[in-house]
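Engineer: dropping a prediction and its sequence here:
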Amino acid sequence: MVQFSRGTWALLAAATVIGAQAHAGEIKIFTDTSDPAPKAAFQALIADFEKANPDVKVTPTFFDHEGYKTAIRNFLTADAPDVANWYAGNRMAPFVKAGQFADVSDVWEKNGLKSTLKSALPSMTIDGKQWGIPYTYYQWGVYYNKDVFKKFGVDVPKTFDAFLADCAKFKAGGVDCTTTGTKAGWPAGGWFDYMDLRVNGYQFHMDLTAGKVAWTDPRVKAVFAEWAKLVKPGYVTANAAGIDWQDALPLLEQGKAATYLIGNFAVAPLKAGGMTDKTLGFFQFPAITAGLPMAEDAPTDTIHIPVGAKNKVDAKRFLAFVAQADTQTKLNVALGQLPVNNQSKVGDDPFLQAGFTMLSNAAGLAQFFDRDAPAEMAKSGMDGFQEFMAHPERVDTILAHLEDVRKRVYK
């Protein structure tokens, strides 16, 4: 038998510890999920991953939202983490084009994600490759007062023409067909998104917000021509530009307006204002161009692997874990939002159920105008949409100005 000295045993023990430490994986995650509820949800996600993968240690760093927007541009080029969260679509594209997000198509292929995450596939794909994993989103759509619909004898419209016919009935009865508050600009952005998605489709909308299409293009003018059918007859609350989105909620609650195009975040304040599942309904924004696949506005949070990550192997394990149906079910219960995985489950809330079905079958997911377009273009665009809703006769001037901005921003 070979005999070792006490010093030799110590060296062997130290080597064993070092070897174990070298074998144990560690991934560093940078995230802006710093608000109490999202932070708790993300911490629970990390704990579940570590339990399922005891050989991996996850070290998160939480940033505030605004600080993260600047930080990500710095840490991706300097000391990159192994995983970073961000957003889908055109918000993701600059980091892909700059070679700062890693291609994770193999994670999609290995885990069958093109089927389970199919609604988000277009917004996660650039040059035929996938660049991250979507894990949560929420729906936009038309919320309506069921009592008003019943009073006027109208059904949920499937087409924009049917919606306009309903609008005429509501207006004749002294009720706003649709309400909104565009003082902050972005609610008008929601209207433009849906009009363009329904007139021209998902890819055109992405090309427009990416600066590839002129705002004076006839296809853009066609969007505003359809939109004018709603605005010119006065079917929208008259003073919408002077009020915030919250100020318009009582109009729907009180039956002074029939519908409201807004995100699912409006449900809680509407119920706080007295509406219930018996009086508040939801429907998908109706079709305009017949046969066009129905894409939706669904701001989507995502996770990515930076090109400079030191532990891509375990980072891919984390991405695959987050993509799982049960993981997304649990995470989104905590977030109060919707899982992207179409095999996940949602609770019995009728609005979450309706949103889950609609988004799981969407032809594509836009990220909302102020996410899809660069900051200056987004601001100018939303200002223009707000102006159009108040003064539709100025459409040519508005579009000419937006085209000037496009040429400057995307040059």
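Structural biologist: Cool, the structure landed. For clarity, every value in this text was computed on a predicted model and none was experimentally measured.
Engineer: ok, the residue nearest the centre of the chain to Lys39 distance?
Structural biologist: For the chain, Pro299 is the residue whose C-alpha lies nearest the centre (Cα atoms, centre = their mean; 0.8 Å). Distance, Pro299 to Lys39, using Cβ to Cβ, to the nearest Å: 19 Å. C-betas here are computed from N, CA, C, even on glycine.
Engineer: and Leu352, by the same measure?
Structural biologist: From Leu352 across to Lys39, the span is 22 Å (Cβ to Cβ).
Engineer: which of these two has more residues huddled nearby?
Structural biologist: Set Leu352 next to Lys39 and count neighbours by other Cβ atoms under 10 Å: Leu352 wins out with 21 against 15.
Engineer: wait, the residue nearest to the centre of the chain touches Gln367, no?
Structural biologist: Yes. Here Pro299 reaches Gln367: they are 5.5 Å apart, a contact under Cβ atoms under 8 Å.
Engineer: now do the shared contacts for those two.
Structural biologist: Common contact partners of Pro299 and Gln367 (Cβ atoms under 8 Å, 6 or more residues apart in numbering): Tyr87.
Engineer: for the residue nearest to Met124 when sequence neighbours are not counted, name its beta-bridge partners.
Structural biologist: Once flanking residues are discounted, Met124 sits nearest to Gln130: 5.1 Å by Cβ to Cβ, 6 or more residues apart in numbering. Beta-bridge partners of Gln130, counted by DSSP bridges, are Thr125.
Engineer: next one: Gln130 from Ala102, what distance?
Structural biologist: Separation of Gln130 from Ala102 (Cβ to Cβ) stands at 10 Å.
Engineer: first to last residue in stretch 365-375, what's the distance?
Structural biologist: End-to-end distance of stretch 365-375: 20 Å, with Cα to Cα, to the nearest Å as the criterion.
Engineer: run the chain-centre distance for that stretch.
Structural biologist: The chain centroid and the centroid of stretch 365-375 are separated by 9 Å under Cα atoms, centre = their mean, to the nearest Å.
Engineer: neighbouring contacts of that stretch?
Structural biologist: 87-91, 119-120, 122-123, 137, 140, 186, 189-190, 192-193, 197, 202, 205-206, 209-211, 295-300, 359, 378-379, 381-382, 409-410.
Engineer: out of those residues, which are buried?
Structural biologist: 87-91, 119-120, 122-123, 137, 140, 186, 189-190, 192-193, 197, 202, 205-206, 209-211, 295-300, 359, 378, 381-382 (16 or more other Cβ atoms under 10 Å).
Engineer: in contact with Tyr202, which residues?
Structural biologist: Tyr202 sits in contact with Pro122, Pro293, Ala295, Ala363, Gly364, Ala366, where contact means Cβ under 8 Å, 6+ apart.
Engineer: typo on my end, it should be Phe283
Structural biologist: Counting by Cβ under 8 Å, 6+ apart, Phe283 has contacts Gly141, Val142, Tyr144, Val156, Pro157.
Engineer: regarding the closest residue to Tyr410 other than its chain neighbours, which helix or strand does it belong to?
Structural biologist: Distance criterion Cβ to Cβ, 6+ apart; nearest residue to Tyr410, sequence neighbours excluded, is Gly211 at 3.2 Å. Under DSSP states H and E, no helix or strand contains Gly211.
Engineer: tell me the phi and psi of Gly211?
Structural biologist: Backbone torsions for Gly211, taken as degrees, to the nearest 10, come to phi 80, psi 10.
Engineer: so it makes contact with Val405?
Structural biologist: No. Contact criterion Cβ under 8 Å: Gly211 and Val405 do not qualify, at 9.8 Å.
Engineer: tell me where this protein has strands.
Structural biologist: 25-31, 56-62, 83-87, 125-126, 129-130, 133-137, 140-145, 176-179, 257-263, 280-283, 296-297, 300-304, 365-366 (DSSP state E).
Engineer: can I get these in JSON lines including mean pLDDT and distance to Val322?
Structural biologist: Putting the strands of the chain into JSON lines (pLDDT from 0 to 100; distance: least, Cβ to Cβ, whole Å) gives the following:
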{"stretch": "strand 25-31", "mean pLDDT": "97", "distance to Val322": "11"}
{"stretch": "strand 56-62", "mean pLDDT": "97", "distance to Val322": "11"}
{"stretch": "strand 83-87", "mean pLDDT": "97", "distance to Val322": "9"}
{"stretch": "strand 125-126", "mean pLDDT": "96", "distance to Val322": "18"}
{"stretch": "strand 129-130", "mean pLDDT": "98", "distance to Val322": "14"}
{"stretch": "strand 133-137", "mean pLDDT": "97", "distance to Val322": "5"}
{"stretch": "strand 140-145", "mean pLDDT": "98", "distance to Val322": "24"}
{"stretch": "strand 176-179", "mean pLDDT": "98", "distance to Val322": "37"}
{"stretch": "strand 257-263", "mean pLDDT": "98", "distance to Val322": "23"}
{"stretch": "strand 280-283", "mean pLDDT": "98", "distance to Val322": "28"}
{"stretch": "strand 296-297", "mean pLDDT": "97", "distance to Val322": "22"}
{"stretch": "strand 300-304", "mean pLDDT": "97", "distance to Val322": "6"}
{"stretch": "strand 365-366", "mean pLDDT": "96", "distance to Val322": "17"}
